[in-house]
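Engineer: Quick one: sequence plus predicted model below, questions after.
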Amino acid sequence: MDKRGDPRLYKILYDLYIPYDYYEHPPVPTVEEASKYWKDIESAHCKNLFFRNHKGNRHYLVIFEYSMLLKIRELEQRLGQGKLTFASPKRLMRYLGLEAGSVSPFGLINDKGKHVHLFIDENLRSYERISFHPNLNTASVVIPFKGFEKFLDWTGNSYEYIRLYD
């Protein structure tokens, strides 16, 4: 079976010895739509939001469990990065090589300058497995959480865990 998404991603997972499960589904540009196809997949399913700071010189990927609501004002206070706005589709393509609706930390394979910093909700650490789009919103890839951290270390991008919810 040909896997949807970026073939480089599957090679990286293979080379890093990160096992994964692959699930195809119709295009799902929002997590609300995707959740219909996740109901039988045992994993943390994430919302991935791509932000820029007020000056536009810093970019952040914020990752948290999809069912949680996140208020941008509260996020700004918790992150301490000043005023945040959603990054434009042009910036999303420039830094992560992704289109809107397919945002995923797997897009970091396209961030050659290691420009994007990740904020990951620390509650995700309690899950054994975590899922993301393989840089295309017509499939989901589930990997062990430890494999996710191994992937992040491989990318060289900076990341930190933060409590987004009390």
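Structural biologist: In hand now; what should we look at?

Engineer: which secondary element of this structure has the worst mean pLDDT?
Structural biologist: Ranked by mean pLDDT, DSSP states H and E, the weakest helix or strand in the chain is helix 31-38, scoring a mean of 80.

Engineer: Output the longest helix belonging to the chain as PDB, restricted to C-alpha atoms.
Structural biologist: For the chain, the helix with the greatest residue count under DSSP state H is helix 145-155. Extracted in PDB, the C-alpha atoms of helix 145-155 (Å, rounded to 0.1, in the frame of the first residue of the first chain):
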ATOM      1  CA  PHE A 145       5.200   9.000  22.700                       C
ATOM      2  CA  LYS A 146       8.900   8.100  23.300                       C
ATOM      3  CA  GLY A 147       9.300   7.900  19.500                       C
ATOM      4  CA  PHE A 148       7.800  11.300  19.200                       C
ATOM      5  CA  GLU A 149      10.400  12.700  21.600                       C
ATOM      6  CA  LYS A 150      13.100  10.800  19.600                       C
ATOM      7  CA  PHE A 151      11.800  12.400  16.400                       C
ATOM      8  CA  LEU A 152      11.900  15.900  18.000                       C
ATOM      9  CA  ASP A 153      15.400  15.400  19.100                       C
ATOM     10  CA  TRP A 154      16.400  14.300  15.600                       C
ATOM     11  CA  THR A 155      14.900  17.500  14.100                       C
END
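
Engineer: Contacts only, for Leu108.
Structural biologist: The contact partners of Leu108, taken as CB atoms under 8 Å, 6 or more residues apart in numbering, are Leu61, Leu96, Val116, Leu118, Leu152, Thr155, Asn157. Every residue, glycine included, has its C-beta placed from N, CA and C.

Engineer: where's the least confident helix or strand of the chain relative to the chain centroid, distance-wise?
Structural biologist: The chain centre lies 15 Å from the centre of helix 31-38; the measure is CA atoms, centre = their mean, to the nearest Å.

Engineer: list the helices and strands that helix packs on?
Structural biologist: strand 44-53, strand 139-144 (3 or more CB pairs under 8 Å, 6 or more residues apart in numbering; DSSP states H and E).

Engineer: just the angle between the shortest one and helix 31-38, please?
Structural biologist: In terms of direction (axes from the mean of the first three to the mean of the last three CA atoms, to 10 degrees), strand 139-144 departs from helix 31-38 by 70 degrees.

Engineer: Surely Ala87 and Phe50 touch.
Structural biologist: Yes: if you go by CB atoms under 8 Å, Ala87 and Phe50 touch, sitting 4.8 Å apart.
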